[in-house]
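A.B. asks: Okay, predicted coordinates and the sequence, questions at the end:
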Amino acid sequence: MEILVIDDKQSLSELVAQFLGQSYKVTTKENGLEALTWLQKGNLPDLIITDLEMPEMDGFQLIEKVKGSGLFSDIPIIVLSCRESSADRIKCLRLGAQDYMVKPFNPEELLIRVDKLIMQ
């Protein structure tokens, strides 16, 4: 089972990778464009965790591209963002994200949400 974590803040990616890495293989990318390129090279993770605010391609654009493509549309997405607004949550869920968590977050809660989405 593999998880793709996308965040331009390396410290956060490393924290998530370290915590989830006990149960899953974790790959990290710094922005949506890097992640999409990785996906298009034939990599199919079981789950994507993405930030919203990133250079080159933000989380909204990434969700749109992933969910709009036939090949990747079934990959569940969890948004992990500092943005607390209800409008952002609704936009992400409408675009196709399965879950939305606000930073700072409890790593144990993230693991439970990941397990639930992957084990469905």
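C.D. replies: Nice, thanks for sending it over.
A.B. asks: contacts, neighbours, all on C-alpha from now
C.D. replies: OK.
A.B. asks: mind listing the helices in the protein by residue range?
C.D. replies: 10-20, 32-40, 59-68, 86-95, 107-118 (DSSP state H).
A.B. asks: Please list all residues in contact with the closest residue to Cys92 other than its chain neighbours.
C.D. replies: Distances taken as Cα to Cα, 6 or more residues apart in numbering place Phe60 nearest to Cys92, at 6.6 Å, with adjacent residues excluded. Shown in contact with Phe60 (Cα atoms under 8 Å, 6 or more residues apart in numbering): Leu52, Cys92, Leu95.
A.B. asks: and the residue nearest the centre of the chain, bridged to which residues?
C.D. replies: The chain has Ile49 as the residue nearest its centroid, 1.6 Å off, counting by Cα atoms, centre = their mean. For Ile49, the beta-bridge partners under DSSP bridges are Val5, Ile78.
A.B. asks: Is it in contact with Ser13, as I believe?
C.D. replies: No: with contact defined as Cα atoms under 8 Å, Ile49 does not reach Ser13; the gap is 9.6 Å.
A.B. asks: Could you name every residue contacting both of those two?
C.D. replies: Common neighbours of Ile49 and Ser13 (Cα under 8 Å, 6+ apart) are Val5, Ile6.
A.B. asks: Return the helix or strand in this protein with minimum mean pLDDT.
C.D. replies: Lowest mean confidence among the helices and strands of the chain (mean pLDDT, DSSP states H and E): helix 10-20, at a mean of 94.
A.B. asks: I'd like to know which elements it is packed against.
C.D. replies: Helices and strands touching helix 10-20, by 3 or more Cα pairs under 8 Å, 6 or more residues apart in numbering; DSSP states H and E, are strand 2-6, strand 25-29, helix 107-118.
A.B. asks: Just name the most buried of the ones you listed.
C.D. replies: Of all the helices and strands packed on helix 10-20, strand 2-6 carries the top mean neighbour count, a mean of 24, counting by mean count of other Cα atoms under 10 Å.
A.B. asks: tally of neighbours for Lys65?
C.D. replies: Neighbourhood size, Lys65 [other Cα atoms under 10 Å]: 16.
A.B. asks: Arg94: neighbour count?
C.D. replies: Arg94, neighbours per other Cα under 10 Å, totals 12.
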